[in-house]
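Trainee: Can you look at this prediction? I've put the sequence above it.
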Amino acid sequence: IENGALLAATNAMGWKSDLDGWWLNLPFPFPFYGVTYTQCFVTTEGYVHFKSAFLFESFSGDAAVLETNCMIAATWKNLSTEPNWSQPAANIHVTANDSTCAIRWCASSLTFNPVDVVLELSANGLIRIDRAGDGDAGPCTIGVSAGNGIHFMVSTNSSYPFQVGEILQLVPSNGLPRAL
């Protein structure tokens with residue numbers, strides 16, 4: 001956990017749905033577990049996938065599924081980015097420059113608690129997650145995986161409410177993110 005600010009993800013993409021996803025072209029080659037990716041599949045469920053248009057709806061994510069899929073789970077749980085009374089501005093926002101891409105889930109949980117989580121990817125492989133706006137502190141899956149069942153880091157006991165300004169940071173080491 002570190003303190004600091006992420007790139008503000010403010011460009012609403014119009015990605016309003018429940019159990020859906022969209023391909024996002026990254027503005028730079030992103031190194032992840034020794035492979036370079038130029039796009040990712042952004043889902044309404046709080047994760048991005050690098051190899052396919054993978055959709056998996058789960059109440060709180062699934063560690064076994066994460067281990068075998070090349071993905072980053074910022075706050076994987078059953079989310080909706082459709083506007084409703086608890087999150088009238090629900091959407092997925094993206095802001096990027098030539099070295100950083102921020103993806104923000106402005107969503108609601110199954111219990112209609114507001115969720116506002118940011119995933120920041122950097123051209124040097126740095127991954128940062130800010131869950132300070134996650135008003136639904138219930139269970140979810142947070143983690144990264146190469147998708148091979150061997151190289152992954154996962155937390156399914158993620159009810160720790162991040163404080164404002166606290167950011168989970170994964171720093172690459174020889175092409176692999178260091179432990180959580």
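Mentor: That came in fine, so what should we check first?
Trainee: If you average pLDDT per helix and strand, which one of this structure comes out bottom?
Mentor: strand 2-3 (a mean of 55; mean pLDDT, DSSP states H and E).
Trainee: any weak-confidence spans in the protein?
Mentor: Scanning the chain for pLDDT under 70 picks out 1-7, 59-60, 132-138, 157-165, 172-180.
Trainee: Do a quick rundown of the helices in it.
Mentor: Secondary structure of the chain (DSSP state H): helices at 63-67.
Trainee: In space, not sequence, find me the middle residue of this structure.
Mentor: residue 74 (3.1 Å; C-alpha atoms, centre = their mean).
Trainee: tell me the contacts of that one?
Mentor: Residues in contact with residue 74 (C-beta atoms under 8 Å, 6 or more residues apart in numbering) are 46, 47, 48, 103, 105, 117, 118, 119, 129, 131, 142. No exception for glycine: its C-beta is placed from N, CA and C like everyone else's.
Trainee: out of everything not next to it in sequence, what's closest to it?
Mentor: Once flanking residues are discounted, residue 74 sits nearest to residue 119: 4.0 Å by C-beta to C-beta, 6 or more residues apart in numbering.
Trainee: quick revisit: how about CSV for the contacts of residue 74, with neighbour count and distance to residue 85 added?
Mentor: Listed next are these as CSV, based on neighbours: other C-beta atoms under 10 Å; distance: C-beta to C-beta, whole Å:
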residue, neighbour count, distance to residue 85
46, 29, 20
47, 33, 25
48, 25, 28
103, 24, 24
105, 29, 18
117, 24, 20
118, 25, 23
119, 26, 26
129, 22, 27
131, 25, 22
142, 26, 27
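Trainee: Pick out whichever of these sits closest to residue 97.
Mentor: residue 103 (13.6 Å; C-beta to C-beta).
Trainee: Send me whichever strand in the chain runs longest as PDB with only the CA atoms.
Mentor: Longest strand in the chain, counting residues (DSSP state E): strand 21-32. Taking Å, rounded to 0.1, in the frame of the first residue of the first chain, the C-alpha atoms of strand 21-32 are listed here in PDB:
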ATOM      1  CA  GLY A  21     -17.000  -6.000 -22.000                       C
ATOM      2  CA  TRP A  22     -15.200  -4.000 -24.600                       C
ATOM      3  CA  TRP A  23     -11.700  -4.100 -26.200                       C
ATOM      4  CA  LEU A  24      -9.500  -1.100 -25.300                       C
ATOM      5  CA  ASN A  25      -6.400  -0.300 -27.400                       C
ATOM      6  CA  LEU A  26      -3.600   0.700 -25.000                       C
ATOM      7  CA  PRO A  27      -1.600   3.800 -26.000                       C
ATOM      8  CA  PHE A  28       1.700   1.900 -25.400                       C
ATOM      9  CA  PRO A  29       2.900  -1.700 -25.300                       C
ATOM     10  CA  PHE A  30       2.100  -3.000 -21.800                       C
ATOM     11  CA  PRO A  31       4.500  -5.700 -20.400                       C
ATOM     12  CA  PHE A  32       2.800  -8.300 -18.300                       C
END
